[in-house]
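Engineer: I'll drop the sequence and a predicted model, then ask my questions.
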Amino acid sequence: MSKVSVIIPTYNRAHLLGRAIESVLEQTFQDFELIVVDDASTDGTGQLIRTFGDKRIRYIQHDMNKGSNASRNTGLRHARGEYVAFLDSDDEWLPEKLEKQLKVFQRGSEKLGLVSTRYSDEYLDPDEPFMPHYRGNIFHKLLTENIIGSTSTPLIKTTCFEKAGLFDETMPASQDWDMWIRIAQHFEFDFVPEILARFYFQPDSISRNIESIKRAHMLIYKKYSPFIEALPKSIQIEHYFYEGRYFLWRRDIPESCRYFIKTIRLNPLMLFKIIYYYARKTMIKVLKFTRKVNFTPNDVTPGI
């Protein structure tokens, strides 16, 4: 039995899947099985898999398209490793990812269930880099915001899914955030403070579908509202302020304002923090635009 089961869900990404598979095969830690779940692709994904000729690759094909959540669940049902790691077919890992995460598990407690990492992602706001900051019992913090990120980052004990269950296939998006919340009810979290994965968003990525994300965030709140509403008021404020900033970043101004209003209702002084946040973001955009307009080749410092 392999130590780690790597699961790659894919649908019509044959032109990108090879990069993802190669990044797994090039890991410095080699005791893994690689399960590729093909969600009824029509672009020759099966032929691509066969070109690798690696016995550690297990290819599973759905008869009909079921979605990424169902594909991850199919992979979990076939996984035989002590740990599970997911990788989206348009992303890639750096070579030492699994090795460094397993070292954290080796020195961690029995309660440790998930180890994440930093990652590079051109789609995210460069002024607010997404990176892990919290260790241990982070259940309440996860109710505030998704501080783990995408499924392509964590390494997870297989026993976590025995407690938390499989991915919710009814979620239109944010299924990863939902899963992290459920795991955090039973296990502790940790992270490697290094960039060990690269994300590449495609035009058809669910992360670009603002309506799906909005519905998913509403479902998250509905699912966990008893926990969220039982939190101290200061943490509830954090949750609403996060949602306001998130939807502002997604350029959904009405939804952003809705959450900011909730924030102010809980603490009127948050109005000043929100005004400062808007002003800071506006100033950053102005400065970036000014630099872009005034840029000349002479602005580049030699050797940098």
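Structural biologist: Happy to help now that I have it. Numbering: from 1, shown residues only.
Engineer: Check Gln61 and give its pLDDT.
Structural biologist: Per-residue confidence at Gln61 stands at 95 (pLDDT).
Engineer: quick one: it and Ile181, what's the gap?
Structural biologist: Taking Cβ to Cβ, to the nearest Å as the measure, Gln61 and Ile181 are separated by 31 Å. C-betas here are computed from N, CA, C, even on glycine.
Engineer: Please say which of the two ends up with more neighbours.
Structural biologist: With neighbours defined as other Cβ atoms under 10 Å, Gln61 and Ile181 compare such that Ile181 has more, 20 against 14.
Engineer: And for that one, nearest residue in space, chain neighbours not counted?
Structural biologist: Closest residue to Ile181 in three dimensions, ignoring its sequence neighbours and counting by Cβ to Cβ, 6 or more residues apart in numbering: Leu142, at 4.9 Å.
Engineer: Just the buried positions in the strand or helix carrying the one you found, please.
Structural biologist: Assignment of secondary structure by DSSP states H and E places Leu142 within helix 139-144. Under the neighbour-count criterion of 16 or more other Cβ atoms under 10 Å, helix 139-144 has 139-144 buried.
Engineer: Skip ahead from that helix and say which helix or strand is next.
Structural biologist: Tracing the chain past helix 139-144, the next element assigned as helix or strand by DSSP H and E is strand 155-157.
Engineer: Name the residues that touch the helix or strand just after that next one?
Structural biologist: Sequence order places helix 159-164 as the next helix or strand after strand 155-157, per DSSP H and E. Surrounding helix 159-164, the residues in contact under the criterion Cβ atoms under 8 Å, 6 or more residues apart in numbering are 76, 84, 113-114, 179, 182-183, 185-187.
Engineer: swap the cut-off to 7 Å and go again
Structural biologist: Here helix 159-164 makes contact (Cβ atoms under 7 Å, 6 or more residues apart in numbering) with 76, 113-114, 179, 182-183, 186-187.
Engineer: just curious, which of these is nearest to His217?
Structural biologist: Nearest to His217, judged by Cβ to Cβ, of these is Met179 at 14.9 Å.
Engineer: Contact partners for that closest one?
Structural biologist: Residues counted as contacts of Met179 (Cβ under 7 Å, 6+ apart) are 164, 167.
Engineer: how much space between it and Ile284?
Structural biologist: Met179 is 33 Å from Ile284, by Cβ to Cβ.
Engineer: looking at this, Val6 is in a strand?
Structural biologist: Yes: counting by DSSP: H, G, I helix; E, B strand; the rest coil, Val6 is part of a strand.
Engineer: That one and Ser23 touch, don't they?
Structural biologist: No: between Val6 and Ser23 no contact is recorded; they are 10.1 Å apart, counting by Cβ atoms under 7 Å.
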